[in-house]
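# have a look at this prediction, sequence included:
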Amino acid sequence: TQRAFVLNEAPDGLEWFVKTEQFCKPFPEVKPHLEAHRAWVRSLREQNNQQQQTIVSGYRVDENDRPGGGGLMIFAAKNYVAAEEFVRKDPLIANECVDWQLNKWIAETGNIIIE
(Lines give C-alpha, C1' and ligand atoms only; values in the text may rest on other atoms or scores of the structure.)
Protein backbone atom coordinates (compact mmCIF):
# COMPACT_ATOMS: atom_id res chain seq x y z
CA THR A 1 0.00 0.00 0.00
CA GLN A 2 1.15 3.50 -0.76
CA ARG A 3 1.13 6.25 1.80
CA ALA A 4 0.58 9.91 1.00
CA PHE A 5 2.93 12.50 2.48
CA VAL A 6 2.29 16.20 2.86
CA LEU A 7 5.64 17.58 1.79
CA ASN A 8 5.79 20.23 4.50
CA GLU A 9 5.69 17.49 7.17
CA ALA A 10 8.47 14.88 7.06
CA PRO A 11 7.66 11.48 8.55
CA ASP A 12 8.20 11.27 12.33
CA GLY A 13 11.86 11.56 13.33
CA LEU A 14 12.99 12.40 9.80
CA GLU A 15 13.86 15.54 7.87
CA TRP A 16 13.48 16.39 4.18
CA PHE A 17 16.49 16.44 1.85
CA VAL A 18 16.89 17.42 -1.78
CA LYS A 19 19.57 15.99 -4.05
CA THR A 20 20.24 17.74 -7.35
CA GLU A 21 22.60 16.46 -9.99
CA GLN A 22 23.98 17.24 -13.43
CA PHE A 23 25.68 14.78 -15.79
CA CYS A 24 29.44 15.30 -15.95
CA LYS A 25 30.17 12.55 -18.49
CA PRO A 26 28.89 12.01 -22.04
CA PHE A 27 25.45 10.37 -22.14
CA PRO A 28 26.66 7.07 -23.70
CA GLU A 29 28.90 6.57 -20.64
CA VAL A 30 26.09 7.55 -18.26
CA LYS A 31 23.25 5.54 -19.82
CA PRO A 32 23.92 2.13 -18.17
CA HIS A 33 24.29 3.81 -14.78
CA LEU A 34 21.12 5.82 -15.39
CA GLU A 35 19.21 2.57 -15.89
CA ALA A 36 20.76 1.23 -12.66
CA HIS A 37 19.74 4.49 -10.91
CA ARG A 38 16.13 4.06 -12.05
CA ALA A 39 16.09 0.46 -10.81
CA TRP A 40 17.60 1.59 -7.48
CA VAL A 41 14.89 4.24 -7.01
CA ARG A 42 12.13 1.74 -7.87
CA SER A 43 13.50 -0.76 -5.35
CA LEU A 44 13.71 1.91 -2.64
CA ARG A 45 10.09 2.87 -3.17
CA GLU A 46 9.10 -0.79 -2.99
CA GLN A 47 11.12 -1.36 0.19
CA ASN A 48 9.57 1.64 1.97
CA ASN A 49 12.20 1.19 4.68
CA GLN A 50 12.25 2.97 8.02
CA GLN A 51 15.50 4.92 7.57
CA GLN A 52 14.58 6.93 4.50
CA GLN A 53 11.70 6.95 2.08
CA THR A 54 12.33 8.05 -1.45
CA ILE A 55 9.47 10.35 -2.28
CA VAL A 56 10.19 11.85 -5.69
CA SER A 57 12.90 11.29 -8.27
CA GLY A 58 13.00 12.62 -11.78
CA TYR A 59 14.81 14.72 -14.34
CA ARG A 60 14.66 18.38 -15.19
CA VAL A 61 13.97 19.73 -18.67
CA ASP A 62 14.47 23.08 -20.39
CA GLU A 63 11.79 25.46 -21.70
CA ASN A 64 11.34 23.20 -24.77
CA ASP A 65 10.91 20.05 -22.63
CA ARG A 66 14.34 18.75 -23.63
CA PRO A 67 16.07 16.66 -20.95
CA GLY A 68 19.61 17.44 -19.90
CA GLY A 69 18.96 19.79 -17.00
CA GLY A 70 19.94 17.14 -14.48
CA GLY A 71 18.00 15.27 -11.84
CA LEU A 72 16.17 15.97 -8.61
CA MET A 73 15.33 13.68 -5.71
CA ILE A 74 13.36 14.58 -2.59
CA PHE A 75 13.53 12.13 0.31
CA ALA A 76 13.44 11.92 4.09
CA ALA A 77 16.34 10.85 6.32
CA LYS A 78 17.29 11.04 10.01
CA ASN A 79 19.97 13.68 9.49
CA TYR A 80 22.50 15.02 6.99
CA VAL A 81 24.98 12.19 7.62
CA ALA A 82 22.32 9.55 6.92
CA ALA A 83 21.14 11.48 3.85
CA GLU A 84 24.66 11.69 2.43
CA GLU A 85 25.29 8.01 3.11
CA PHE A 86 22.04 7.24 1.29
CA VAL A 87 22.75 9.32 -1.85
CA ARG A 88 26.27 7.95 -2.17
CA LYS A 89 24.62 4.57 -2.91
CA ASP A 90 22.98 6.07 -6.02
CA PRO A 91 24.61 4.36 -9.05
CA LEU A 92 25.00 7.74 -10.78
CA ILE A 93 26.99 9.08 -7.84
CA ALA A 94 28.87 5.86 -7.08
CA ASN A 95 30.07 5.75 -10.71
CA GLU A 96 30.95 9.47 -10.79
CA CYS A 97 28.50 10.22 -13.62
CA VAL A 98 27.12 13.39 -12.01
CA ASP A 99 28.13 16.48 -10.15
CA TRP A 100 25.70 16.60 -7.26
CA GLN A 101 24.57 18.63 -4.30
CA LEU A 102 22.67 17.62 -1.18
CA ASN A 103 20.65 20.05 0.89
CA LYS A 104 18.34 19.72 3.85
CA TRP A 105 15.00 21.26 2.89
CA ILE A 106 12.74 23.08 5.32
CA ALA A 107 9.23 23.75 4.02
CA GLU A 108 8.00 27.22 4.80
CA THR A 109 4.91 27.95 2.72
CA GLY A 110 2.29 25.74 1.08
CA ASN A 111 1.67 22.02 0.86
CA ILE A 112 2.47 19.37 -1.72
CA ILE A 113 0.88 15.96 -1.30
CA ILE A 114 2.93 13.09 -2.70
CA GLU A 115 2.12 9.40 -2.88
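Arrived safely, thanks for sending.

# from the chain's centre, how far out does the helix or strand harbouring Val18 sit?
Val18 is part of strand 15-23, with elements assigned from DSSP states H and E. Relative to the chain's own centre, strand 15-23 is displaced by 5 Å; criterion: CA atoms, centre = their mean, to the nearest Å.

# so what strands line up beside it?
strand 67-77 (antiparallel), strand 98-105 (antiparallel) (DSSP bridges).

# and these, which one is worst for confidence?
Note on the strands paired with strand 15-23: strand 67-77 shows the lowest mean pLDDT, a mean of 85.

# who's in contact with that one?
Contact with strand 67-77 is made by 7, 10-11, 14-23, 41, 51-62, 83, 86-87, 90, 92, 98, 105, 114, as judged by CB atoms under 8 Å, 6 or more residues apart in numbering. Any C-beta I mention is one placed from the backbone N, CA and C, and that applies to glycine too.

# turn the strands paired with strand 15-23 into CSV, columns for distance to Glu29 and mean neighbour count.
Formatted as CSV, these follow (distance: least, CB to CB, whole Å; neighbours: other CB atoms under 10 Å):
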stretch, distance to Glu29, mean neighbour count
strand 67-77, 15, 18
strand 98-105, 11, 15
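
# redo these as a markdown table? Include distance to Glu46.
As requested, the strands paired with strand 15-23 are arranged in a markdown table below (distance: least, CB to CB, whole Å):
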| stretch | distance to Glu46 |
| --- | --- |
| strand 67-77 | 14 |
| strand 98-105 | 23 |
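
# for His33, find the nearest of these.
Nearest of the strands paired with strand 15-23 to His33, taken as CB to CB: strand 98-105 at 8.9 Å.

# go through the strand holding Val18 and flag the buried ones.
Residues of strand 15-23 classed as buried: Glu15, Trp16, Phe17, Lys19, Thr20, Glu21, Phe23 (neighbour count, 16 or more other CB atoms under 10 Å).
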